[in-house]
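Engineer: the following comprises the amino acid sequence and a computationally predicted model.
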Amino acid sequence: MDSFFGLLKIRVKRGINLAVRDLGSICYLCSEITRTLVQKLKTRVVKKNCNPVWNEELTLSITDLNVPINLTVFDKDTFTVDDKMGEASIDIRPYIASLKMGLQNLPKGCVVSRVQPSQNNCLADESCIVWDDGKFLQDMILRLRNVESGEVVIQIEWINLPGCRRLETEGTS
């Protein structure tokens, strides 16, 4: 356990205007971290919908705070390889930086940080890191790459685990 910093809960809420790959697309989302430890998790399949609602939680163990989480949306095929419907990555570094501030007891809904869309991230719109009942949450709309259209709405939340490596707060070493 001392190789993990903690867990990252990804709430996969929904897809918006996903690209059509087959008549009656059947969509699912796959999240993946690759570097030293490969973790791959999938949502359930949503049939015949280019605006799927998943409302599912995927939880990944975080061993490297600098490695992005890759998301890929697929169209499930029965007899052939599943078609990619786009991909995006989550840069968790701004979120981790907010955690490391060591802030506590903030008013509910207090915005701690704002992350702007740029060429270096997949954000479709500004994303706020917010204090909510003792935890930091970050809602994101991710624009899918390598596809003509599509976005995925997610939320991330950090989970500390006993026995894991600690995130050092600012001012401590």
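Structural biologist: That came through fine.
Engineer: just the helices in the chain please.
Structural biologist: Secondary structure of the chain by DSSP state H: the helices cover 93-100.
Engineer: hey, where'd the strands end up in it?
Structural biologist: 6-16, 26-33, 39-42, 46-47, 53-62, 69-75, 83-90, 110-115, 127-132, 135-143, 151-159 (DSSP state E).
Engineer: could you point out which of the ones you listed sits nearest I96?
Structural biologist: I96 lies closest, by CB to CB, to one member of those: strand 151-159, at 7.9 Å. The C-beta positions use only the backbone N, C-alpha and C, and glycine is treated the same way.
Engineer: can you list the strands of the chain in CSV and add mean neighbour count and mean pLDDT?
Structural biologist: Below are the strands of the chain laid out as CSV (neighbours: other CB atoms under 10 Å; pLDDT from 0 to 100):
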stretch, mean neighbour count, mean pLDDT
strand 6-16, 20, 95
strand 26-33, 21, 75
strand 39-42, 15, 87
strand 46-47, 15, 88
strand 53-62, 17, 94
strand 69-75, 22, 90
strand 83-90, 22, 91
strand 110-115, 15, 97
strand 127-132, 18, 97
strand 135-143, 20, 97
strand 151-159, 20, 97
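Engineer: for these, give me CSV that also has distance to R166.
Structural biologist: Shown next, in CSV, are those (distance: least, CB to CB, whole Å):
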stretch, distance to R166
strand 6-16, 9
strand 26-33, 20
strand 39-42, 21
strand 46-47, 38
strand 53-62, 13
strand 69-75, 21
strand 83-90, 22
strand 110-115, 19
strand 127-132, 20
strand 135-143, 16
strand 151-159, 12
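Engineer: can you say which of these is nearest to M101?
Structural biologist: Between M101 and these, the tightest spacing by CB to CB is seen for strand 110-115, at 7.0 Å.
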